[in-house]
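>>> fold the following for me, if possible:
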Amino acid sequence: MIDGVALSALDWWAEAGVDTLADDLPRNWLAAAPVLSESVAAAPAQAKAALPDTLAAFRAFLLADASIPGPPKGRVDASGDAASGVVIVVDMPESEDRISGNLLSGEVGALFDRMLGAINLGRDQVYLIPFSPVRATTGKLGEAELTKLTPLLLHHLALAAPRKLLLLGDAPVQALLRKPAAQARDTVHQLAIADGEVPTVASIHPRMVHLRRDYRALAWADLQRFETL
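Next up is the predicted model:
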């Protein structure tokens, strides 16, 4: 790894309270029991007009179509390498993202980069998806938005064909796993997508990790769980 990524990992480990490395392999020191696996069927898709059947066309649809909750202006596209098979979903763009045009910018994005670096990943090695391409005015997605956006996320995931999936924050976790992130964290879920099942980990959004330092050890445990999939 390049020096910057190594330093990023060290920064994150320090923030998460890791002060001793016993060996070179990541370990989930916080786990009280072996990680369980839980199968989750995808939510039933609602009747809808045919959606674009290529990833590029569907991303363009998300940025422009009037049927998607929220105004077209200020929408932020997915980013990264869909071919990597490593897919991460966040709830919506941050306030700064509307200006930068990139997901997870600003201080929250810097923390996210350190989190990725701690498991030997960079942004160019993951595919980052916003559950909603536009930030809700309240900063929180309501039930109506969840209902409309869930089939679109499932379609997006089917096109991206992830090898493993990390859901960050309550909105995507609730939509796909049907429980809050706090209840879904400690299990590796097998999420039905298209014709197969994808190992899925739920965790805390970096926005909340940035605000609450006591969440960092929990997020670190989740990242280790995701790394070993």
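>>> give me the mean pLDDT for stretch 84-93.
Average pLDDT, stretch 84-93: 98.
>>> on the three-state scheme, the residue most central in space within the chain is what?
For the chain, the residue nearest the mean C-alpha position is Val89 (2.7 Å; Cα atoms, centre = their mean). Assigned state for Val89: strand (three-state reduction, DSSP: H, G, I helix; E, B strand; the rest coil).
>>> which residues touch it?
Contact analysis of Val89 by Cβ atoms under 8 Å, 6 or more residues apart in numbering lists 128-131, 153, 165-168, 172. All C-beta atoms are positioned from the backbone trio N, CA, C, and that covers glycine.
>>> switch to 6 Å and redo it
Val89 makes contact with 129, 131, 167, 172, according to Cβ atoms under 6 Å, 6 or more residues apart in numbering.
>>> the nearest residue to Thr54 once chain neighbours are set aside is in what secondary structure piece?
Closest residue to Thr54 apart from its sequence neighbours, by Cβ to Cβ, 6 or more residues apart in numbering: Leu159 at 7.1 Å. Per DSSP states H and E, Leu159 falls inside helix 143-160.
>>> ok, now Thr137?
Counting by DSSP H and E, Thr137 is part of no helix or strand.
>>> how about Phe61, secondary structure?
Assignment for Phe61 (three-state DSSP): helix.
>>> wait, it sits on Pro52?
Yes. At 5.1 Å, Phe61 and Pro52 qualify as touching, with contact defined as Cβ atoms under 6 Å.
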